[in-house]
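Enquirer: sequence and predicted structure are below.
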Amino acid sequence: MSGTSLDGIDLASLTFSFIDTWKFEIHQCETIPYPTSWLHKLKELTSLSLQELNQIDEDYTLYLSEAINQFIKKNQLSHIDAVCSHGHTALHQPQNGLTYQIGNLPKLASLINSKVVCDFRVEDVALGGQGAPLVPVGDKLLFSNHEFCLNLGGFANISTENDGERIAYDICPANIVLNHYVNRLGFDFDDGGRLASGGKINHRLLEALNSLPFYHKEFPKSLGLEWVQKEVFPLIDSFQLTTEDTLRTFVEHVSIQIANEINKKNHVSVLVTGGGVYNNFLMERLNNFSNNKIVIPDKKLIEFKEALVFGFLGVLKLRNEVNCLSSVTGASKNHSSGKIYCP
């Protein structure tokens, strides 16, 4: 899979088993960084015409197949039941009945000579859902010992149980904004949050960010790059701050927004995964605001939990079992989402 933070393509070899409860094992796993040419293309997806997107979809499906074949060969994988692929989100406008993930074309199965399960979001949007987040069914079935499952990727999103139902939603942008501004200094990310820790909070910007209307909406709700480009970047840029002060202020904003959600329950376990876990300063600020136990798992789970769960979504689809929860996405019903292609 490939996420909004554009770290690269996450690939993982996984085993799932079910005896009373679901168990999993993450074997080989790897993130293949994007070359500069693809980074540029993926950052500009929202500004492209549908015709241009269709061509990039063709190109990206081929690129993705090469990455998958390389991973299979490198790790000498055999007896593969299926390749479960999220692709990369190009457009996400559920309010307009639209979500489009590139890399999910039927020819992927032939290019990798394996059964493919993919395109997990489209059906949910067609059923009136947000098409996101989809990871919570994995949280419910694989990580039920944690009250909250928090992912710190391009966006911070969370899932938990509420009155016997799983709920989940995007909280706020995270790495998609932090990486955008640190790129201006020639870095891919703020290593350990050191740059942010050296900046100063601009309280007027912090107040403006915390006042964005999205934060007053009830779940289900989700965010996309288009929203960040329209609402967040122009707001931050209007303050003309140094990069360090921008990062410091935004880290505080993210920490406050996450704490607002996890502090709705007290003295519980919060499993935190995603690249944002490595931002030590962000984690320090989150701990400062939190009333709960922040649990950071091993490196494989930190970096590949989303890949793990999308693999799991594919397994559930192959078994024709529910992998999209209406309580999470707002769809008209629970359903088994995704498309299955054979070579």
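Expert: That came through fine. Numbers count the residues shown, from 1 in each chain.

Enquirer: output the below-cut-off pLDDT ranges for the stretch 1-150 of the chain.
Expert: For the stretch 1-150 of the chain, no stretch is flagged by pLDDT under 70.

Enquirer: quick one, helices of it?
Expert: For the stretch 1-150 of the chain, applying DSSP state H, counting those that start in this stretch gives helices covering 36-43, 50-74, 107-112, 122-126, 136-142.

Enquirer: export those helices as TSV, with columns for mean neighbour count and distance to Leu235.
Expert: C-beta coordinates here come from the backbone N, C-alpha and C atoms, glycine included. Shown next, in TSV, are the helices of the stretch 1-150 of the chain (neighbours: other C-beta atoms under 10 Å; distance: least, C-beta to C-beta, whole Å):
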stretch	mean neighbour count	distance to Leu235
helix 36-43	14	19
helix 50-74	16	27
helix 107-112	18	39
helix 122-126	20	28
helix 136-142	22	29
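
Enquirer: looking at those helices, spot the one closest to Asn179.
Expert: Between Asn179 and the helices of the stretch 1-150 of the chain, the shortest gap by C-beta to C-beta is with helix 36-43, which sits at 10.6 Å.

Enquirer: helices and strands around that closest one, which ones?
Expert: Applying 3 or more C-beta pairs under 8 Å, 6 or more residues apart in numbering; DSSP states H and E, one finds that helix 36-43 contacts helix 50-74.

Enquirer: how far does the helix it packs on sit from its chain's centre?
Expert: 19 Å (C-alpha atoms, centre = their mean, to the nearest Å).

Enquirer: also stretch 46-63?
Expert: From the chain centre to the centre of stretch 46-63 is a distance of 21 Å (C-alpha atoms, centre = their mean).

Enquirer: C-alpha coordinates for it, CSV please?
Expert: Below are the C-alpha coordinates for stretch 46-63, written out as CSV (Å, rounded to 0.1, in the frame of the first residue of the first chain):
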residue,chain,number,x,y,z
THR,A,46,-5.5,16.5,-7.3
SER,A,47,-4.8,19.0,-10.0
LEU,A,48,-5.0,16.6,-12.9
SER,A,49,-7.9,16.0,-15.3
LEU,A,50,-9.6,12.6,-15.3
GLN,A,51,-7.9,11.7,-18.6
GLU,A,52,-4.5,12.5,-17.1
LEU,A,53,-5.4,10.5,-14.0
ASN,A,54,-6.4,7.5,-16.1
GLN,A,55,-2.9,7.5,-17.8
ILE,A,56,-1.1,7.8,-14.5
ASP,A,57,-3.3,4.9,-13.2
GLU,A,58,-2.0,2.8,-16.1
ASP,A,59,1.6,3.8,-15.4
TYR,A,60,1.3,3.4,-11.6
THR,A,61,-0.2,-0.1,-12.0
LEU,A,62,2.8,-1.1,-14.0
TYR,A,63,5.2,0.5,-11.5
